[in-house]
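Enquirer: This is a predicted model, with the sequence first.
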Amino acid sequence: MTNNDIFKKLRVALMLRDDQIVEILELVDFRITKSELGAFFRDEKHENYMECGDQVLRNFLNALVIHLRGTKENPKNPNDVLAKHKAQIPVKEGASDRAEFKAKPRDEERSRGDESPSKSKPAAKRISKKEFPKGNNKIQVVEKVKFNFGKNKKS
């Protein structure tokens, strides 16, 4: 995994915008412009793509620790900082509220605990053992072979 991949995953996981990353990097006196930062997130085939160096990633991680935890004199709760980032994400047009990232159950009707599942949908047909009894006419793939395991036969 390259530095660029790590940087991209951190950006997405923490829901950070470019201007927030620039502010975070300034916490450790590392100055970078938005355009330089954008070069790290481009496709590798793009002409303005730039590889994220170790120094940039190291400074970003150190600044991120300060951003999330705060300093010794002024500690912060990381969950509060992350909640603040999440609140700053703009809501898309047409959506009444921001969609939460929760997995929905496969069958909502069956997952309800207060009601029994409806009988309208037939259950998947299970194959009974009677349909495939022992000794049916299956094609034998491997021949029956008797092994002597190194024992000599007496003639």
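Expert: Structure received.
Enquirer: residues making contact with the longest helix that the chain contains?
Expert: In the chain, assigned by DSSP state H, the helix with the most residues is helix 54-69. Outside of helix 54-69, the residues within contact range by C-beta atoms under 8 Å, 6 or more residues apart in numbering are 3, 6-7, 10, 14, 21, 24-28, 30, 32, 40, 75-76, 78, 81-82. The way it works is simple: take the backbone N, C-alpha and C, and place the C-beta from them, glycine included.
Enquirer: Got a PyMOL select line for the buried ones in those?
Expert: Selection of the buried residues among the contacts of helix 54-69 in PyMOL, burial being defined by 16 or more other C-beta atoms under 10 Å:
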select buried, resi 3+7+14+21+24+25+27+28+30+32+40
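Enquirer: Give me the subset of the contacts of helix 54-69 that lies in strands.
Expert: The members of the contacts of helix 54-69 all map outside strands under DSSP state E.
Enquirer: and the contacts of helix 54-69, which of them are in helices?
Expert: 3, 6-7, 10, 14, 21, 24-26, 40, 78, 81-82.
Enquirer: list the contacts for the nearest residue to Gly38 once chain neighbours are set aside?
Expert: Nearest non-adjacent residue to Gly38, counting by C-beta to C-beta, 6 or more residues apart in numbering: Asp18, 6.5 Å away. Going by C-beta under 8 Å, 6+ apart, Asp18 touches Lys34, Leu37, Gly38.
Enquirer: does the second one really touch Ile21, like I thought?
Expert: In other words, Leu37. Yes - with contact defined as C-beta atoms under 8 Å, Leu37 reaches Ile21; the gap is 6.0 Å.
Enquirer: Flag every buried residue along stretch 48-61.
Expert: Cys52, Val56, Leu57, Asn59, Phe60.
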